[in-house]
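K.L.:
Need a 3D model of the sequence below.
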Amino acid sequence: MEFVDVDNRRDVANRIRSLREDNDFTIAEMAEATGRSEEEYAARESGDMDLTFTFVYKCAKKLGVDVVELLTGESPRLTRYEIVRRGEGLPLERHTDFHYLHKAPHFKNRLGETFLVDVPYQAESQHEPIHLSYHEGQEMDFVLKGRLRFRFEGDRFEEVGPGDTIYYDSGRGHGMIAIDGEDAQILAVVFDPREQAII
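P.N.:
Model prediction:
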């Protein structure tokens, strides 16, 4: 379930380690912040283990930086608006077969992380348990094409198609697969938890 491709994994891991050391955080503190054991955290920070979206996102929050800064080494600078053209964006790999394009990587102080996600159909996944992910906050997924089966914590399942939207508490287990023999695509927005809701 890799989020950062293998070629860039060590660079991202080095940025996490450097920022941790600059902030005088211990491995134990970062492990707690990311919900990992100290051993697993150390393996991820060293680049010996996959870097997942949830892990990098939680590191960014603890370290007080934008997730894009950890991924690219550059800080977002735009504050008024950002236009990302069709087919463009910051490419990321979260699952070995899912393709992600971050659609607002240069906008500073984002309240949400927006991704165009291609979800390929895989015949073998139709009869396997759907993997669950967890990350603080909320998520909205708008289906652009294809059909998907979502699994939620407690083995609750929902099937959705083009034009359908699912909005959920992403701190609870959630996962998805493409169904009906065709690839799917969604626009996913992951909302950062805030102390006060926008009214």
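K.L.:
Now do the helices in the protein.
P.N.:
6-22, 27-34, 38-45, 53-63, 67-72 (DSSP state H).
K.L.:
residues of stretch 100-115 that come out buried?
P.N.:
By 16 or more other CB atoms under 10 Å, the buried positions in stretch 100-115 come out as 100-107, 110, 113-115. To be clear about C-beta, it is placed using only N, CA and C from the backbone, and glycine gets the same treatment.
K.L.:
quick one, which of the helices of the chain is nearest to Glu182?
P.N.:
Evaluated over the helices of the chain, closeness to Glu182 peaks at helix 53-63, with 24.5 Å, by CB to CB.
K.L.:
Surely Lys145 is in contact with Ala184?
P.N.:
Yes: the criterion here is CB atoms under 8 Å, and Lys145 meets it with Ala184 at 6.3 Å.
K.L.:
The two: who's more crowded?
P.N.:
Using other CB atoms under 10 Å as the criterion, Lys145 and Ala184 rank with Ala184 on top: 24 against 15.
K.L.:
Need the pLDDT of the more buried one.
P.N.:
Per-residue pLDDT puts Ala184 at 97.
K.L.:
same thing with Gly175?
P.N.:
The predicted structure scores Gly175 at 92 on the pLDDT scale.
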